[in-house]
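Asker: Below are the sequence and a predicted model for it; my questions follow.
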Amino acid sequence: MSKKYSNAVKKGNVVDIYSRQPIKGLNEKQERYINMLKNRLVTVSTGAPGTGKTFIPAALATDWILNPDNPIDTLVIIRPPEGPGKSMGYLPGDLNEKLRVWAGPILSGVEHRLGGGAFAKEKVNNMIKDGRIVLLSLEHIRGHSLDNSMIILDEAENCTFHELKAVMTRVGLDSRLVISGDVGQKDIRSHSELETLLRLTNEYEKLPWSVVSFDIEDCVRSPLVKQFLYLFEDANV
């Protein structure tokens, strides 16, 4: 074991990059997901909430951007403005502050991987300031060429196909893209174009992306959430 590893310590509440345990799935499907994220340039994850669709790529991205030997040095977070509450325009603050709130679920995954607590929150804030974490709205995606980046498009069930194409054609050199969503939770009235992406997956061979679909049984958030999901499915609501 090298001296660098044997002398690894925690800095405040932030777990040093060399002290973290490797990310492991809690079930077979999560293990498959992790393998896709590590080995494929584009991964599409769909299905039930609480299955790690967002948390796992956020945790992996945290390790990658803090590892000087990894070509990925930036985490790019993109989410559509639609949601179960008010639109992003009603949130307080400037654009970056609004996006900070909207990107909260993914940033929470980064903080958790860093060890949690106030030090982890401060570390994330600094990573946003120095550009290692970039928050982008779909309205401002045009013109970007995202190199050396882990790009996470979350809540993709609320995207138009024009928006999906806009994101997918921004992927630059040494980058990876994760498209995550749950058609059952869409907030738009129109057809979810994430379904179109899944249809293309079934119709074409040798596509440049892999797909993992999580079921309610794969939910690891809590037994209570899993019970809710089964209830809602049974009641068709």
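Answerer: Thanks, I have the structure now. Please read these numbers as outputs of a predicted model, since none were measured by experiment.

Asker: which stretches of this structure form helices?
Answerer: According to DSSP state H, the chain carries its helices in the segments 3-6, 28-39, 55-66, 95-102, 104-113, 117-129, 161-168, 193-203, 223-235.

Asker: which one of those lies closest to Asp215?
Answerer: Proximity to Asp215 (Cβ to Cβ) singles out helix 28-39 among the helices of the chain, at 8.0 Å. In this view, the C-beta of every residue, glycine as well, is placed from N, C-alpha and C.

Asker: Residues touching the closest one, excluding its own?
Answerer: Counting by Cβ atoms under 8 Å, 6 or more residues apart in numbering, the neighbours of helix 28-39 from elsewhere in the structure are 23-25, 43, 45, 51-53, 56-57, 60, 176, 178, 210, 212, 214-215, 218, 220.

Asker: need the helices of the chain in JSON lines with distance to Val76, can you?
Answerer: As requested, the helices of the chain are exported to JSON lines (distance: least, Cβ to Cβ, whole Å):
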{"stretch": "helix 3-6", "distance to Val76": "29"}
{"stretch": "helix 28-39", "distance to Val76": "15"}
{"stretch": "helix 55-66", "distance to Val76": "9"}
{"stretch": "helix 95-102", "distance to Val76": "11"}
{"stretch": "helix 104-113", "distance to Val76": "10"}
{"stretch": "helix 117-129", "distance to Val76": "12"}
{"stretch": "helix 161-168", "distance to Val76": "10"}
{"stretch": "helix 193-203", "distance to Val76": "19"}
{"stretch": "helix 223-235", "distance to Val76": "28"}
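
Asker: where does this protein dip in pLDDT?
Answerer: Across the chain, the ranges flagged by pLDDT under 70 are 1-19, 81-96, 188-189.
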